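>>> After the sequence you'll find the predicted model.
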Amino acid sequence: MKKTTFDSDSAQQKAVLMMVDFGFEDLRENLEELKNLATAAGAEVMDALVQKREKVDSRTYIGKGKLEELGELAKFHQANLVIMNHELSGAQLRNLEEALDLKVVDRTALILDIFASRARSNVARLQVELAQMNYSLPRLTGLGRSMSRLAGGIGTRGPGEQKLEIDRRRIKSRISDIRTQLKEIEKERQTQRSQREKNAIPLVALVGYTNAGKSTLLNTILETYETSGQQVFVKDMLFATLDTSTRRIALDKNRIFLLSDTVGFVSHLPHLLVEAFKATLEEVVLADLLIHVVDGTDDRAEYQRTITQQVLEEIGVWETPQVLVYNKMDLRTEPLYGASDHLEISAAKGTGIGVLMDTITGLIFADLRKETFLIPYDQGHVLSELMNRGESAEIEYLDTGTRITVVVDEVLRNRYGDYRIEGY
């Protein structure tokens with residue numbers, strides 16, 4: 001049987017969280033997020049410790065006194081894991097584990113571990129493995145000793161303990177091999193994108209903090225509009241979606257668009273993951289419209305909305321039009337305060353979906369106009385495309401050709417502008 005996140009030979013790992021407060025971020029929000037991440041990885045969070053510092057300790061990241069307090073706290077709770085809310089060097093990992101005699105996992109390794117357990121497709125598994133290999137390469141000394149002494153559990157999934165213990169040369173070779181495979185996959189995706197651009201099909205991407213309900217929203221839209229696309233995986237957990245799932249939504253023959261469900265965001269999303277998932281995040285970068293989904297029931301909704309905006313800016317998306325949508329509003333007992341210019345829906349109940357779809361179509365099909373064309377009889381392929389892709393066609397056969405009045409988008413209008421008749 002395939003092992004899950006915490007299928008080490010012992011019982012569920014008990015974790016103590018360690019966070020350094022440098023004074024420039026929301027401590028409460030960051031601590032709550034770290035707890036959620038640890039739980040998502042399968043840990044039982046026993047306690048948390050915070051230290052205020054102006055700068056990190058180069059050897060152990062935290063001070064000597066706080067290190068002793070951390071060890072005592074872990075011993076009190078019989079914890080076998082310490083999770084740091086920061087990225088550590090190999091030397092810092094090694095020094096902490098030697099001082100505490102416990103496994104230590106930093107924030108990046110924690111998120112990579114969750115991604116490894118969630119990866120379902122070959123593409124997602126390759127992307128996660130690439131990120132883990134790049135993470136492990138500069139930390140071989142620290143990780144090697146850690147795994148030989150404290151094997152199993154969080155931070156050791158994905159490539160697995162044996163792969164992380166192989167020598168530097170073989171890791172570099174594996175990284176090269178994965179990149180080659182991902183380049184081939186990207187070529188296939190680029191071909192699909194080129195075809196989509198040729199057909200002028202708009203792309204709408206669902207974005208938002210992890211577990212905001214994006215996949216549920218996609219499935220509800222598929223059900224509501226009787227679209228034949230396969231539904232996507234949904235589960236109430238962080239990072240349930242790692243693969244971009246794109247479905248074709250056909251409202252009528254002239255209003256067709258693609259809707260993509262994308263990987264959820266968290267604060268300080270590791271650069272290694274952003275780089276490895278570049279092909280997946282490309283759907284967000286190329287989108288004509290972003291639907292920013294926020295969990296309206298979460299007390300941290302505004303924090304999560306801000307985090308999503310920060311990630312979008314990091315990947316170069318800040319000018320793309322957005323629709324802000326608060327989801328799960330059927331579970332909220334009080335109205336939203338301080339939020340404006342947004343829609344309120346329940347993807348699970350189907351509430352507000354009609355208004356959302358009207359908003360989407362109003363934005364991406366704003367260029368639809370009724371035009372009249374005179375098509376020569378020897379240009380039957382032009383007439384065929386206008387009839388197939390246009391809406392509400394009126395046709396009249398004249399001596400000089402076929403006059404067709406039809407609702408078309410800007411692409412068709414420009415493509416066949418030479419046949420257009422003014423004044424109709």
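Now that the structure is in, tell me what you want to look at. Numbers count the residues shown, from 1 in each chain.
>>> Contacts for stretch 41-48, please.
Residues from elsewhere that reach stretch 41-48 (CB atoms under 8 Å, 6 or more residues apart in numbering): 4-6, 12-19, 31, 34-35, 38-39, 73, 77, 79, 81, 83, 110, 113-114, 117, 154. Heads up, the C-betas are built off the backbone N, CA and C, glycines and all.
>>> which of those residues are buried?
Neighbour-count burial (16 or more other CB atoms under 10 Å) is assigned, among the contacts of stretch 41-48, to 5-6, 13-19, 31, 34-35, 38, 73, 79, 81, 83, 110, 113-114, 117, 154.
>>> taking those residues one by one, which sit in strands?
Counting by DSSP state E, the buried ones among the contacts of stretch 41-48 place 14-19, 81, 83 in strands.
>>> Can you add distance to Ile221 and pLDDT and give those back as TSV?
Compiled in TSV, those are given as follows (distance: CB to CB, whole Å; pLDDT from 0 to 100):
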residue	distance to Ile221	pLDDT
Lys14	42	94
Ala15	38	95
Val16	43	96
Leu17	38	95
Met18	42	95
Met19	39	92
Leu81	40	94
Ile83	37	96
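>>> so which of those residues comes closest to Leu96?
Using CB to CB, Met18 comes nearest to Leu96 of those, at 9.0 Å.
>>> quick one: contacts for the closest one?
Applying CB under 8 Å, 6+ apart to Met18 gives the contacts 48-49, 51, 62, 70, 82-85.
>>> Please apply the same query to Tyr377.
Contacts of Tyr377 by CB under 8 Å, 6+ apart are 401-402.
>>> per-residue pLDDT, it?
Model confidence at Tyr377, given as pLDDT, is 94.
>>> Tell me if it really is in a strand.
No. Per DSSP: H, G, I helix; E, B strand; the rest coil, Tyr377 lies outside any strand segment and is coil.
>>> pLDDT at the nearest residue to Phe265 once chain neighbours are set aside, what is it?
In space, Phe265 comes closest to Val311 once its chain neighbours are excluded; the distance is 4.4 Å by CB to CB, 6 or more residues apart in numbering. Here, the pLDDT recorded for Val311 equals 83.
>>> Which positions in the helix or strand encompassing Val311 come out as buried?
Assessed by DSSP states H and E, Val311 sits inside helix 301-314. Across helix 301-314, burial judged by 16+ other CB under 10 Å covers 301, 303-305, 307-309, 311-312.
>>> Tabulate the residues you listed (a markdown table), appending distance to Arg248.
Formatted as a markdown table, these follow (distance: CB to CB, whole Å):
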| residue | distance to Arg248 |
| --- | --- |
| Ala301 | 31 |
| Tyr303 | 34 |
| Gln304 | 29 |
| Arg305 | 29 |
| Ile307 | 30 |
| Thr308 | 25 |
| Gln309 | 28 |
| Val311 | 27 |
| Leu312 | 24 |
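>>> Pass me the low-pLDDT residue ranges in the chain, would you?
For the chain, applying pLDDT under 70 flags the ranges 1-11, 141-167, 196-200, 226-244, 253-254, 276-280, 337-340, 392, 423-424.
>>> Output the helix or strand Ser384 falls within as PDB, restricted to C-alpha atoms.
Assessed by DSSP H and E, Ser384 sits inside helix 380-389. Output of helix 380-389 as PDB, limited to C-alpha atoms (Å, rounded to 0.1, in the frame of the first residue of the first chain):
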ATOM      1  CA  GLY A 380     -18.100  29.400 -49.200                       C
ATOM      2  CA  HIS A 381     -15.600  28.700 -46.400                       C
ATOM      3  CA  VAL A 382     -16.100  32.300 -45.200                       C
ATOM      4  CA  LEU A 383     -19.800  32.000 -45.200                       C
ATOM      5  CA  SER A 384     -19.600  28.700 -43.400                       C
ATOM      6  CA  GLU A 385     -17.400  30.100 -40.600                       C
ATOM      7  CA  LEU A 386     -19.700  33.100 -40.100                       C
ATOM      8  CA  MET A 387     -22.700  30.800 -39.900                       C
ATOM      9  CA  ASN A 388     -21.000  28.400 -37.500                       C
ATOM     10  CA  ARG A 389     -19.400  30.900 -35.200                       C
END
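>>> got the buried residues for it?
Applying 16+ other CB under 10 Å to helix 380-389 flags 382-383, 386, 389 as buried.
>>> so what does it touch, helix or strand wise?
Judged by 3 or more CB pairs under 8 Å, 6 or more residues apart in numbering; DSSP states H and E, the packing partners of helix 380-389 are strand 369-375, strand 391-397, strand 402-408, helix 410-415.
>>> Closest to the centroid, which residue in the chain?
Val263 (1.7 Å; CA atoms, centre = their mean).
>>> which stretches of this protein form strands?
Secondary structure of the chain (DSSP E): strands located at 14-21, 44-52, 81-84, 103-105, 203-208, 245-252, 255-261, 289-295, 322-327, 343-344, 369-375, 391-397, 402-408.
>>> how about those in a markdown table, adding distance to Glu188?
Formatted as a markdown table, the strands of the chain follow (distance: least, CB to CB, whole Å):
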| stretch | distance to Glu188 |
| --- | --- |
| strand 14-21 | 40 |
| strand 44-52 | 41 |
| strand 81-84 | 38 |
| strand 103-105 | 35 |
| strand 203-208 | 17 |
| strand 245-252 | 13 |
| strand 255-261 | 16 |
| strand 289-295 | 24 |
| strand 322-327 | 29 |
| strand 343-344 | 35 |
| strand 369-375 | 35 |
| strand 391-397 | 32 |
| strand 402-408 | 31 |
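>>> With respect to Gln195, which of the ones you listed lies nearest?
Smallest distance to Gln195 across those (CB to CB): 11.3 Å, for strand 255-261.
>>> what's the farthest-apart pair in the ones in strands among the buried ones among the contacts of stretch 41-48?
Using CB to CB, the pair of those lying farthest apart is Lys14 and Met19, separated by 17.5 Å.
>>> Tell me how far the residue nearest to Phe265 lies from Ala74.
For Val311, the distance to Ala74 (CB to CB, to the nearest Å) stands at 32 Å.
>>> same question, Ala43
13 Å.
>>> Between those two, which has more neighbouring residues?
Ala43 (27 against 23; other CB atoms under 10 Å).
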